[in-house]
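Predicted model follows, preceded by the sequence.
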Amino acid sequence: MSKKRNIKSFGKTLAYLQDPNLRATETGDARLIVDSMEITGESFEGKTWRNVSFKKCDFIGAYEVKLAAMENCTFEECRFSGIFAWGIQNAVSFIKCGMAGASHLWGAEGSTAVTYQQCTLTGTSADSNQQGSVGTYGEATFIECNGKWFGVFGHSTLLIHKCEFDSMNCLIDPRESNGIAPDVAIRNCKLRGKFDMTSSVLQSLTVRDTVLEELNLSNVTVKEDVVMERVKGNFIHAGVAAARSLTVSNCEILGNDRGVSFLMSMDGAQQVLLERTNFGTQMTSKVNLGPGRPLQANEWSVVPLNKSAVIRNCTFPIMDASWLETQRLQIEGNTIGSLNVSNGRMGKLELRSNTIARSVDFTNTQVKESNVQSFAKGQAKLEGSNIKLN
């Protein structure tokens with residue numbers, strides 16, 4: 001990887017990195033500049049690095065760098081190949097750096113103000129078990145970074161802004177950080193391939209002004225809210241295990257190669273709002289909003305988790321909300337090709353002012369209260385349902 005001179009040939013610099021007390025005695029708080037060195041073959045375990053600038057250095061090795069802490073440090077145009085534990089980081093910046101292969105770089109729990117700007121994250125395999133990762137178990141910010149086949153993480157706060165990622169993952173397991181779950185924000189990004197967050201546990205998730213191919217939130221637990229605004233893409237798997245609320249607004253989600261644009265079971269969130277969103281232009285584009293399977297008698301809840309699901313002013317070639325249980329489902333002002341709300345259990349069902357081109361299936365759905373618009377003769381299937389049409 002490197003043709004730079006090894007740090008062993010820079011005796012005083014090496015001594016200062018290995019013995020912070022010696023450095024403090026001889027130079028005080030003066031900033032240490034480490035320029036154009038290959039840093040490998042030496043141990044930096046349990047040390048604290050403060051006020052150090054690394055420029056155009058190559059870091060190579062596994063667990064040779066295993067710090068206690070790092071404060072007010074910068075890495076500019078450095079390259080990393082290996083495993084590097086930075087300890088608790090505070091005010092640390094990586095600028096135009098490169099992380100390659102199955103390298104892993106992380107700051108410990110309690111890290112703050114850690115930024116990766118214009119960095120390149122380049123994996124060598126699409127197999128997630130062979131990919132590298134970078135971030136902290138505290139705060140992490142990625143700005144204008146490019147990456148493929150790599151993982152990013154921040155366990156208390158994670159911001160991804162103006163990044164271009166291809167087939168990346170963001171897997172947050174709170175067991176790795178004493179139960180801490182992050183607020184995650186993705187803004188103004190381009191996400192090619194699959195951006196995978198499967199089974200993560202988050203405090204909140206916000207995705208705004210982003211273009212994506214596939215976002216996978218399958219089995220994700222969100223303690224507070226999921227918000228997606230002005231997102232353009234092919235497919236969102238929003239099948240969260242639980243969330244306080246999920247909002248999709250002013251988006252355009254047109255469908256993957258299987259003809260599915262959006263997938264979630266709305267009964268996984270307490271509140272759901274889908275508004276002013278185009279869920280596909282092809283007649284076969286499908287949105288699945290129910291559990292996607294028949295429910296047995298013992299699976300129906302006495303009081304459904306979903307308190308309210310509101311769908312308004314959207315376009316759906318095919319909307320399938322079959323087997324859904326909710327306290328209230330409101331579908332208003334939408335343009336829909338075909339609608340399936342069969343086999344549901346609902347406290348209140350409201351269908352108003354929708355334009356529905358083909359069939360409406362209410363088969364076997366039971367409601368306590370309903371306000372349902374009228375349909376053309378033969379358009380609505382009502383067998384086994386107690387729904388009354390206006």
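Now that the structure is in, tell me what you want to look at. Numbers count the residues shown, from 1 in each chain.

Now do the strands in the stretch 251-390 of the chain.
252-253, 260-263, 269-275, 286-288, 308-312, 315-320, 325-332, 335-340, 345-352, 355-356, 360-361, 366-372, 380-381 (DSSP state E, counting those that start in this stretch).

Now the last one: average pLDDT?
In this case it means strand 380-381. Mean pLDDT, strand 380-381: 94.

now the strands of the stretch 251-390 of the chain as a markdown table including distance to residue 119?
Bear in mind the C-beta positions are built from the backbone N, C-alpha and C, glycine included. Formatted as a markdown table, these follow (distance: least, Cβ to Cβ, whole Å):
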| stretch | distance to residue 119 |
| --- | --- |
| strand 252-253 | 29 |
| strand 260-263 | 32 |
| strand 269-275 | 34 |
| strand 286-288 | 36 |
| strand 308-312 | 40 |
| strand 315-320 | 39 |
| strand 325-332 | 44 |
| strand 335-340 | 43 |
| strand 345-352 | 49 |
| strand 355-356 | 48 |
| strand 360-361 | 50 |
| strand 366-372 | 53 |
| strand 380-381 | 55 |
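
for those, which one sits closest to residue 130?
Nearest to residue 130 among the strands of the stretch 251-390 of the chain is strand 260-263 (27.4 Å), distances taken as Cβ to Cβ.

Residue 159: helix or strand, and which one exactly?
strand 157-161 (DSSP states H and E).

and if you look at residue 24?
helix 20-27.

Contacts for that helix, please.
15, 16, 17, 32, 47, 48, 49, 50 (Cβ atoms under 8 Å, 6 or more residues apart in numbering).

model confidence over the strand holding residue 159, on average?
98.

in that strand, what's buried?
157, 158, 159, 160 (16 or more other Cβ atoms under 10 Å).

give the contact list for the last one.
Neighbour list for residue 160: 142, 152, 170, 184, 185, 186, 187, 189 [criterion: Cβ under 8 Å, 6+ apart].

Next, name the residue at the spatial heart of the chain.
Nearest to the mean C-alpha position of the chain, counting by Cα atoms, centre = their mean, stands residue 197 at 4.9 Å.

correct me, but it touches residue 170?
Yes - because the distance of 5.1 Å satisfies Cβ atoms under 8 Å, residue 197 is recorded as touching residue 170.

Which stretches in the stretch 1-150 of the chain count as helices?
11-18, 20-27 (DSSP state H, counting those that start in this stretch).

by contact count, what packs against the first one?
Under the contact definition 3 or more Cβ pairs under 8 Å, 6 or more residues apart in numbering; DSSP states H and E, helix 11-18 sits against helix 20-27, strand 32-35.

Check which residues of the shortest one are buried.
For strand 32-35, the buried set under the neighbour-count rule, 16+ other Cβ under 10 Å, comprises 32, 34.

got any ranges where the stretch 1-150 of the chain has weak pLDDT?
1-2 (pLDDT under 70).
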